[in-house]
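[1] Pasting a predicted model and its sequence here:
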Amino acid sequence: IRTDVRLISASNKDLGRLVAAGRFREDLYYRLKVVPLTLPPLRERKDDIPLLIHAFLARFSRELDKPIRGVTRRALEALRRHGWPGNVRELEHAIEHACVRCQGELIGLADLPREFQGGGRLDVETIARLDAGRRVALDRELLERLLEENKGNRSKTARMLGIGRTTLWRRLKGDPGPCPTKPEGRRR
């Protein structure tokens, strides 16, 4: 049996650097590197977002049998502002999420996942103005989101934050942890 095969491969790593570091086989690297194409991440191709949204909407509205024909201006602005660490796959999942939730013909801001709805990022000044109780609640909410993003892996979440697992556990319970050293002259 005679076959003709073309192999297309993709990587999110710099294979040239991995070869130089001895972490990827050099012979395989050169076999794969016949016609290399470098595709910039979505965060560098924000103009592609409306086209990708259109393609994903066509697919998901057909699969879900919903008459969704577009997104509102505010939803599109929120999608354009996002940093897209998960690249096109993250956009695809955000649109699928929105299609499932959407009840009309246009996807609105409320249909998008929570991180696109504005309240996801607070600046330092806003946080500083909150009372201590609200800061603890906000801290817990943000920790829960990070934990969710890490699929419940507390060790990974704690490492990501640069804190110990016990500290993470305490903060999730609402205890901000040990107080900083009290200034001289103030004792209880």
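    Okay, I see it.
[2] make it CA atoms for all contacts and neighbour counts henceforth
    Noted.
[3] Kindly tell me how buried Leu79 is, as a neighbour count.
    By other CA atoms under 10 Å, the residues close to Leu79 number 22.
[4] Who are the contact partners of it?
    49, 116 (CA atoms under 8 Å, 6 or more residues apart in numbering).
[5] measure it to Leu109 for me?
    9 Å (CA to CA, to the nearest Å).
[6] Could you name every residue contacting both of these two?
    Joint contacts of Leu79 and Leu109 (CA under 8 Å, 6+ apart) are Phe116.
[7] Which parts of this protein are strands?
    70-71, 106-107 (DSSP state E).
[8] Can I get those in TSV including mean pLDDT?
    Shown next, in TSV, are those (pLDDT from 0 to 100):
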stretch	mean pLDDT
strand 70-71	96
strand 106-107	96
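[9] So which of those has the densest surroundings on average?
    Mean neighbour count (mean count of other CA atoms under 10 Å) peaks for strand 106-107 among these, with a mean of 22.
[10] roughly how far out does it sit from the chain middle?
    21 Å (CA atoms, centre = their mean, to the nearest Å).
[11] strand partners of that strand, parallel vs antiparallel please.
    strand 70-71 (parallel) (DSSP bridges).
[12] all helices for this structure, in order.
    Secondary structure of the chain (DSSP state H): helices located at 15-20, 26-32, 49-63, 73-81, 87-101, 124-129, 132-149, 154-161, 165-172.
[13] ok, back up a step: between the strands of the chain, which one is nearest to Leu172?
    The closest of the strands of the chain to Leu172 is strand 106-107. By CA to CA, the value is 33.2 Å.
[14] so what pLDDT did Ala128 get?
    Per-residue pLDDT puts Ala128 at 51.
[15] should've said Cys102
    94.
[16] what's near enough to touch it?
    Here Cys102 is in contact with 68, 108, 111 (CA under 8 Å, 6+ apart).
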